[in-house]
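Trainee: dropping the sequence and predicted coords here.
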Amino acid sequence: MRPEALFPLYAEIGVLKGVGPRLAPLVKKVAGERVRDLLYLAPQGVIVRRPATVATAGDGEMVILTVTLDDHLPPKRQGQPWRLRAHDDSGWIYLTWFKGFGPHLTRQHPTGALRIVSGKVERFGVETQIAHPDHMVTPERAGEIALHEAVYPGVAGLAPRILRKLALEALDRAVDLPEWIDPAYLAKMAWPTWHEALTLLHHPVAEADLDPRALARRRLAYDEALAHQLAMAQRKQARQAEPTPLIPPSSLAKALQSRLPFRLTGAQMRTLAEIRADLMSGRRMTRLMQGDVGSGKTVVALLTLADVAAHGGQTAVMAPTEILARQHMESLAPPLAEMGVATVLLTGRDRGPGRAEKLAQLASGAVKVVIGTHALFQDDVVYDNLRLAVIDEQHRFGVNDRRRLMAKGETPHLLALSATPIPRTLELTLLGDLDVSRIDEKPPGRLKVATTATPLTKVEGVIARLDQATRDGAQAFWICPLVAESELIDLKAAEARAEELNARLPGRVGLAHGRLSAAERDKVMADFASGAISILVATTVVEVGVNVPNASIMVVEHAERFGLAQLHQLRGRVGRGVRQSACVLLYAPPLGATAKARIEILRQTEDGFEIAERDLMLRGGGDLLGLKQSGLPHYRFVDPILHADLIRAAADDAQLCLARDPHLTSPRGQALKLLSALFDWKAEDPFAEAS
Ligand code: ADP
Ligand code: MG
């Protein structure tokens, strides 16, 4: 349901003058299907023309001249331009055409006539010329030449100037709308109204007006951020509409905590408190716990599910792979069993009577905790009282997987775990409708991973050291990059590397890659985990979170091909045991500046959040490609980095508005509804739809 006030803006572009079957597809490609899309099409450039005289026009300057035409000089030979000599009181100039000339020029612009001409001036010695004037009109039509002309992104077959005309027509159709920005904030920022901002957008008078930091652009970016944050806040509101029973902190969790061989870190305690506040809020929890591999997320999940179990509820802990599920089982089941809480593992391997038995225990409620993979939400799996879903590596699951698991209970709480830190700067943009806890502190006593960068030319030395270290009982990962376009070639490289290492260290090397079946891969991983092999050569399939405490060396071949976050993840797989660990980044020289900066950051810090943030800054506003793939919305005006302050303000504002006026019925609420409809946010973040 679209508000009537927006009908003119939601009309199809076909209503605009001159947009017929030929232009429509081109305009659609550049801007979109509706008048609104042209209204919101931001110019990329601006031409500034200065009225001048021939003598005062600077070389390279865009000027407007008033000249008298003297003489047409058609080309004498192939390849020569058509030249038209003209003058004003200050001097003379050639207007030249290298193509598109002909006798029509003499007819349209006869000798002796007065013309207003615009174009870029070029000076060669004593000669001055304008090649291909962009305007050349009689004095009566001088008004057609704009002093400032916005330049729109073009596409083959569609001149930017046509887009400009259409954008200005869209602007004409935009009636003023009621203000949706809080008046005090608007005044503080000294922003123009919506309509004024659009007018400024389409009438830039200098390069500075194109900057995302220009007032008009900031206002429009704020509008966009507000619409987005409002959509996310509404989604959250809808999710929390149904009340849930209160789950208080339990003596079971307390007992478990007191038996831990360590004390919780501050970050773990804070996160647990945040989760407990959710469970006592009477509303459904949708919380993401972020923290590096090894930061201790599992323990926090354990204490949470203990609270749920003590309250009579069931928890499903879902991991993306069997090996991760088994690791969770190994760390969670024993302490729970000691406290009399039954836990089962359910994976694709369970079949026949064994599986039937487990399902019966789940359906009866005899089992309070089930750990597994996709097997957890298959059709015939029935829960007695599923109250909590813990999803490890949540981004590895599809929307439907999560939805199917959640559908097994009545408004179950969701606790998602992720070892991929989202930079703080992007948190509201990417995760605005979730509650986020950050475990940004490592358990004490962890040794720093010694990180070095070594050119591939010195790989022999690395292998020799590996040989020695593995003889002393160490284990190592050796990661070979996989670049999608040439998977086979990459695979060959990994195979060759494994063979070479195996020749040097016979019987001690295994190879894991994406072409192996799940069972084959699990076998190699299990051999590595048990210590049967010392070196695991792998393409990047090494499971995130896989725990091999004895592995203390991480070699990354062609480190320059990996992103910073990826390198950090890889390095996180070592340094978990008692051995001093090392990470060797093998690179193909020479290193580019960015690759150098990346490696330097890695050497400086092991904090995943800081690395993610610095990676983002390194990439800057330009290359946000990787982030787009990770769900960054396709904003028109918002630059998540340059407008970080606006996004924060918009999130606060959206929450405040909904808290005060949940159905947006007040005058400002009505205006906000207009804003929402104007931007028309689709739920882009699949995680948001999970519940
Ligand atoms: P994550 O799931 O975040 O990768 P885990 O929960 O598996 O991390 O924890 C990694 C290791 O650190 C485990 O062996 C765990 O027992 C241990 N650990 C967790 N919290 C602490 C702590 N506060 N102090 C010491 N060791 C801890
Ligand atoms: Mg883990």
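Mentor: All right, it came through fine. Ligands and ions are numbered 1, 2, ... in the order given.
Trainee: how deep is the closest residue to residue 433 other than its chain neighbours tucked in, by neighbour count?
Mentor: Leaving aside its sequence neighbours, residue 433 sits nearest to residue 232 (CB to CB, 6 or more residues apart in numbering; 3.7 Å). C-beta: built from backbone N, CA, C; applies to glycine. When counting by other CB atoms under 10 Å, one arrives at 24 neighbours for residue 232.
Trainee: quickly find the element holding residue 232.
Mentor: Residue 232 belongs to helix 215-239 when elements are defined using DSSP states H and E.
Trainee: show me what counts as buried in whatever helix or strand comes next after that helix.
Mentor: Next in sequence after helix 215-239, counting helices and strands by DSSP H and E, comes helix 251-259. For helix 251-259, a neighbour-count test (16 or more other CB atoms under 10 Å) marks 252-253, 256-257 as buried.
Trainee: interface residues of the stretch 301-450 of the chain facing ligand 1?
Mentor: residue 443 (CB under 6 Å from any ligand atom).
Trainee: give me the next element, helix or strand, following the helix or strand of the chain with the lowest mean pLDDT.
Mentor: When each helix and strand of the chain is scored by mean pLDDT, DSSP states H and E, helix 625-629 comes last, with a mean of 52. Sequence order places helix 644-660 as the next helix or strand after helix 625-629, per DSSP H and E.
Trainee: okay, the residue in the stretch 551-691 of the chain positioned nearest to ligand 1: pLDDT?
Mentor: Residue nearest to ligand 1 within the stretch 551-691 of the chain: residue 576 (6.6 Å; CB to the nearest ligand atom). Looking at residue 576, its pLDDT stands at 74.
Trainee: same question for residue 398.
Mentor: At residue 398, pLDDT is 83.
Trainee: how about residue 151, phi and psi?
Mentor: phi -110, psi 130 (degrees, to the nearest 10).
Trainee: try residue 261
Mentor: Residue 261 adopts backbone torsions of phi -80, psi 10, taken as degrees, to the nearest 10.
Trainee: what's the burial count for it?
Mentor: Counted with other CB under 10 Å, the neighbours of residue 261 add up to 4.
Trainee: now do the one 3 residues further on
Mentor: Neighbour count for residue 264, taken as other CB under 10 Å: 17.
Trainee: do the same with residue 203
Mentor: When neighbours are counted by other CB under 10 Å, residue 203 registers 17.
Trainee: that one reaches residue 147, doesn't it?
Mentor: No: with contact defined as CB atoms under 8 Å, residue 203 does not count as touching residue 147 (10.3 Å).
Trainee: OK, contacts around residue 615?
Mentor: 423, 563-565, 598, 601 (CB atoms under 8 Å, 6 or more residues apart in numbering).
Trainee: show me which residues of this protein sit near ligand 1.
Mentor: 262, 264-265, 268, 291, 293-299, 443, 545.
Trainee: need those in a markdown table (columns: pLDDT, distance to residue 105 and secondary structure).
Mentor: Conversion of those to a markdown table gives the following (pLDDT from 0 to 100; distance: CB to CB, whole Å; DSSP: H, G, I helix; E, B strand; the rest coil):
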| residue | pLDDT | distance to residue 105 | secondary structure |
| --- | --- | --- | --- |
| 262 | 95 | 87 | coil |
| 264 | 97 | 84 | coil |
| 265 | 97 | 80 | coil |
| 268 | 98 | 80 | helix |
| 291 | 93 | 72 | strand |
| 293 | 82 | 72 | coil |
| 294 | 84 | 76 | coil |
| 295 | 91 | 74 | coil |
| 296 | 93 | 79 | coil |
| 297 | 95 | 75 | helix |
| 298 | 95 | 79 | helix |
| 299 | 97 | 82 | helix |
| 443 | 90 | 81 | coil |
| 545 | 52 | 73 | coil |
